[in-house]
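Peer 1: Next one to model:
(one chain, ligands or ions: 2)
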Amino acid sequence: MPLMPVSEALARVLADTQPLGIEEVALSDAQGRVLAEDVTALRTQPPADVSAMDGYAVRAEDIATPPATLTVIGEVAAGHPFAGLVETGQAARIFTGGVLPDGADTVVIQELTRRDGDKVTVEKTAIKGRNVRYAGIDFKQSEVLLEKGRALTDRDLMLAAAMNHPRLRVHRRPVVAVLGTGDELVMPGSELGPGQIVYSNGFALTALARAAGAEVIDLGVARDTLDDIGGRIRKAREAKVDVLLTSGGASVGDHDLVQKALKAEGLDLSFWRVALRPGRPMMHGRLGAMHVLGVPGNPVSSYVCAFLFLLPLLRKLSGRSDIETPPESAILGRDLPANDDRADYLRATLESGPDGPIATPVQNQDSSLMAPLSQAGCLLIREPQAPAAKAGSRCRILKFGF
Ligand code: AMP
Ligand code: MG
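Peer 2: Ligands and ions are numbered 1, 2, ... in the order given. Model prediction:
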């Protein structure tokens, strides 16, 4: 199979993938969840004309030539409307959030008044409508304010509550099973024997999937045997996960058994080599409804592949309307040579400059180096056959989350 362009590989990952089922959740559980339908305001906000300040509700014409002394006929606080009518020469004491009484059209802040018994003297004029929040200036009943496909932010939860929704209909969260492979791998905190290395990539892959709203099942680390790998693949199927994410064992060495084990389970392979650096031996297929993404073991490759392919897949499964993140523009921080026939995703630091963010690729782009990956703020995209580029020219980047 020839190397597949990144865009085509991604199109294959996303093909025939529908958003997961719908469930209802309480607002307090809805952060980050993706709306399965438009959310309509069930009420108007504010529901009536209300005061924005503490002061006096008056008729603007009465205070046109200050000082103007008015008779205070009542009091309005938030939650305690005043039933009376403010007539010419009258005022009502009012507090923030109080409903503007009939007859009044303006609120004078208390700092501009002098109170004496049931009289108040207004020292300064105010234009009609001053300090009044009119009914519906925030939103009106039956307006759609949050659209289907939106991942709910903290502010959205505030808005949904104000629209009077105690619960929201959202898509089920994708479940991802993370499986590491390799005889050499031991857990962080272990005494390392000869030839052993610490299992690291799964921590980033898990965190990345969770940040994208997925639930993660940890399938641990399989030894490099068909039996062990096969057994854990079956566990993923039994758990009915939406995505199995394997790392390692993906190339063509004698110990690279992941694809073989998947095929023995009946994998329908869609591709396994992508014109990509880092991450050429990246694989995708389906085992029934379950997606399988096989990423290389090298930590940087595994992360870049998950960033490029797992994230959009999770967004599509989650029902999000924004599936692919468009690259942003930045200024190249150093000269780059011409690229070959594989798309390059260079780890680059990011700093702000006078003309926008400056992305500087780290010197050593080896796909095993975790320290520079941690320092990088983005991936700088170099298309296949891109010509040499000078520092100061424009480039395209994909920013890491946080
Ligand atoms: P592989 O894709 O299995 O050939 O692994 C490529 C390189 O990545 C080897 O040096 C492995 O030791 C290393 N590697 C594989 N899996 C992991 C992992 N989970 N964490 C850290 N390094 C890994
Ligand atoms: Mg391996």
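Peer 1: Residue of the stretch 251-400 of the chain nearest ligand 1, please.
Peer 2: Closest to ligand 1 within the stretch 251-400 of the chain is Gly297: 2.4 Å, counting by Cβ to the nearest ligand atom. Where C-beta positions appear, they are placed from N, C-alpha and C, glycine not excepted.
Peer 1: Contacts only, for that residue.
Peer 2: Listed by Cβ atoms under 8 Å, 6 or more residues apart in numbering, the contact set of Gly297 reads 180-182, 201, 247-250.
Peer 1: Mind naming the longest strand for the chain?
Peer 2: Secondary structure of the chain per DSSP state E: the longest strand is strand 343-353.
Peer 1: what element comes up after that strand heading to the C-terminus?
Peer 2: As assigned by DSSP states H and E, the chain's next helix or strand after strand 343-353 is strand 356-361.
Peer 1: relative to strand 343-353, how tilted is that next one?
Peer 2: Angle, strand 356-361 to strand 343-353, by axes from the mean of the first three to the mean of the last three Cα atoms, to 10 degrees: 130 degrees.
Peer 1: List the neighbouring strands of strand 356-361 plus their orientation.
Peer 2: Sheet neighbours of strand 356-361, with direction, are listed as strand 328-332 (parallel), strand 343-353 (antiparallel) (DSSP bridges).
Peer 1: Send me that strand as CSV with only the CA atoms.
Peer 2: Taking Å, rounded to 0.1, in the frame of the first residue of the first chain, the C-alpha atoms of strand 356-361 are listed here in CSV:
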residue,chain,number,x,y,z
GLY,A,356,1.2,37.7,15.8
PRO,A,357,2.4,34.5,17.3
ILE,A,358,5.9,33.3,16.4
ALA,A,359,6.3,29.6,16.0
THR,A,360,9.9,28.3,16.2
PRO,A,361,10.4,24.6,15.5
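Peer 1: how far does the helix or strand following that strand sit from the chain's center?
Peer 2: Going down the chain from strand 356-361, the next helix or strand is helix 370-375, by DSSP H and E. Distance of helix 370-375 from the chain centroid (Cα atoms, centre = their mean, to the nearest Å) equals 23 Å.
Peer 1: contact partners of helix 370-375?
Peer 2: Contacts for helix 370-375 (Cβ under 8 Å, 6+ apart): 200, 299-300, 303, 347, 349, 362, 364.
Peer 1: Need the max-distance pair from those residues.
Peer 2: Among the contacts of helix 370-375, the pair separated by the greatest distance (Cβ to Cβ) is Ser200 and Thr349, at 20.9 Å.
Peer 1: hmm, back to that, make a markdown table out of the strands paired with strand 356-361 and add mean pLDDT and distance to ligand 1.
Peer 2: Below are those laid out as a markdown table (pLDDT from 0 to 100; distance: least, Cβ to the nearest ligand atom, whole Å):
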| stretch | mean pLDDT | distance to ligand 1 |
| --- | --- | --- |
| strand 328-332 | 98 | 29 |
| strand 343-353 | 97 | 16 |
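Peer 1: In TSV: those strands, plus mean neighbour count and distance to Asp138.
Peer 2: Formatted as TSV, these follow (neighbours: other Cβ atoms under 10 Å; distance: least, Cβ to Cβ, whole Å):
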stretch	mean neighbour count	distance to Asp138
strand 328-332	18	32
strand 343-353	19	34
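Peer 1: Now do the same contact list for Leu379.
Peer 2: Leu379 is in contact with 304, 307, 345-348, 397-398, 400, counting by Cβ under 8 Å, 6+ apart.
Peer 1: For the closest residue to Val86 other than its chain neighbours, grab the count of nearby residues.
Peer 2: In space, and not counting its chain neighbours, Val86 is closest to Gly103: 3.7 Å by Cβ to Cβ, 6 or more residues apart in numbering. Gly103 is flanked by 16 other residues according to other Cβ atoms under 10 Å.
Peer 1: For Gly103, grab phi and psi.
Peer 2: phi 90, psi -40 (degrees, to the nearest 10).
Peer 1: now it: how far from Ala52?
Peer 2: The gap separating Gly103 from Ala52 is 19 Å, by Cβ to Cβ, to the nearest Å.
Peer 1: so Gly231, which of the three states?
Peer 2: Judged by DSSP: H, G, I helix; E, B strand; the rest coil, the three-state class of Gly231 is helix.
Peer 1: change the start of the numbering to 24 and stick with it
Peer 2: Sure, I'll start counting at 24 from here, so that last one is Gly254.
Peer 1: and it, how many residues sit next to it?
Peer 2: Neighbourhood size, Gly254 [other Cβ under 10 Å]: 13.
Peer 1: For the residue nearest to Val109, give me its contacts.
Peer 2: Going by Cβ under 8 Å, 6+ apart, Gly126 touches 82, 108-110, 113.
Peer 1: Next: Ala101.
Peer 2: By Cβ under 8 Å, 6+ apart, Ala101 lies in contact with 73, 118-121.
Peer 1: please redo it, this time with the cut-off set to 6 Å
Peer 2: 120-121 (Cβ atoms under 6 Å, 6 or more residues apart in numbering).
Peer 1: And it, its phi and psi?
Peer 2: According to degrees, to the nearest 10, Ala101 has phi -60, psi 130.
Peer 1: likewise Glu214?
Peer 2: Main-chain dihedrals, Glu214, degrees, to the nearest 10: phi -80, psi 120.
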